[in-house]
Every structure is written in C-alpha cells, then in structure tokens.
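> I would like the atomic coordinates for the input below:
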Amino acid sequence: MTEANSKLLQEIEGIRKVKDALVVLIKTEWNSAIVDELERGAIEIFKQYGIHFKTYAVPGAVEISFAIQQCWANNNTPSAFIALGCVIRGDTPHFDYVCKAVTDGVTQLNLSLPVPVIFGVLTVDTELQAKERIGGVHGHKGEEAAITALKMIVLNQQFRNEE
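Here you go, the predicted structure:
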C-alpha cells in the first residue's frame, strides 16, 4: 500500500476536536535508530495538535502487549496506545514468531481494552525497507500511527456519545 491508496492523511480536521487526550507510546529497544525515528514522527504530530504523550521502552516487540496491559491495569488511562517497533527478517523463523506474537497481542488488546491500540510495528525484510517507512518513499509510519491514534480517539468519543 502506498499513501496514494489511503485517505489517512486526508480529512484530518476532525482530530482538532481532540482535547485533553493522552497517548502512550510503547517502543522497543531493538532497531533503536528506526524505532526512535518512528517515535519522533509521532511526537511531531502530537505537538502539532497539542496532544499529551508519554513513552515507555520495552526490550523487544513481544513485550509490547504486556507493557500496554500493565499500563492500563495500573490506573493509567490514556485515550490510546501506540505500539512502536521494527522487526527485520533474519535467517531463522524467529521473525515469524515475533511478528505473529506482537500482532496477536495488539489485536487482543484492541478487543479487550476500551481504548484503541495502534499497530506501529514495522515488519520488514531489510533495513532499507524500514528506512523507506520513516520518511522515505512509503511515508512516515510514525506520523501515520499518531494520526491513526487521533482519528480513533475521535471515533471512540463518537461511540461513547451515542450511548
């Protein structure tokens, strides 16, 4: 998918309605140069829209789901979470196990928590592919994750107001 195939970066005026939101970013320590750039892109969007944020680091992608669940369980009630990481394929099946674990974990959290959990984990074959997704030909996935979080916060508020 390219940016041309998505309306993500269009119709973002509705996110200006988001007030007093807190977005928690959970980022991995692996592939830190890539992940730090994902975080930087997300923070840039949050600053642009006046959104409060907090970042926690975990050792690897598999630990993201645990950190999000514990953050929620310990009375931290953000408006959304963003999982940030970068898993680069190696020579063993480890890549497949990690990608499945983090994907399943984020999916389960989305089904169990009352706030959105945004999947901002790059799953790529090469470091070049990762770089293409932090400001290269495939856009900036950190910025896109932040915009997605804000749009989902708005949608979640709409759902709550319809009750």
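
> Kindly format the C-alpha coordinates of stretch 67-75 as CSV.
The C-alpha trace of stretch 67-75 is given here as CSV (Å, rounded to 0.1, in the frame of the first residue of the first chain):
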residue,chain,number,x,y,z
ALA,A,67,3.5,-3.2,28.8
ILE,A,68,0.3,-1.9,27.4
GLN,A,69,-1.8,-4.2,29.5
GLN,A,70,0.1,-3.3,32.7
CYS,A,71,0.0,0.5,31.9
TRP,A,72,-3.8,0.2,31.6
ALA,A,73,-4.2,-2.1,34.7
ASN,A,74,-2.2,0.3,36.9
ASN,A,75,-4.7,3.1,36.6
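
> mind checking how far that stretch is from the chain centre?
Counting by Cα atoms, centre = their mean, to the nearest Å, stretch 67-75 is centred 16 Å from the centre of its parent chain.

> cool, stretch 87-99 as well?
Centroid separation for stretch 87-99 versus its chain: 20 Å, with Cα atoms, centre = their mean.

> Show me the helices in the chain, by range?
32-49, 64-73, 94-112, 127-131, 141-161 (DSSP state H).

> gap between Leu122 and Gly139?
Distance from Leu122 to Gly139, counting by Cβ to Cβ, to the nearest Å: 12 Å. Where you see a C-beta, it was placed from the backbone N, CA and C, and this is true even at glycine.

> Identify the contacts common to the two.
Common contacts of Leu122 and Gly139 (Cβ atoms under 8 Å, 6 or more residues apart in numbering): Arg133.

> neighbour-wise, which of those two wins?
The neighbour count for Leu122 versus Gly139, taken as other Cβ atoms under 10 Å, is higher for Leu122 (24 against 19).
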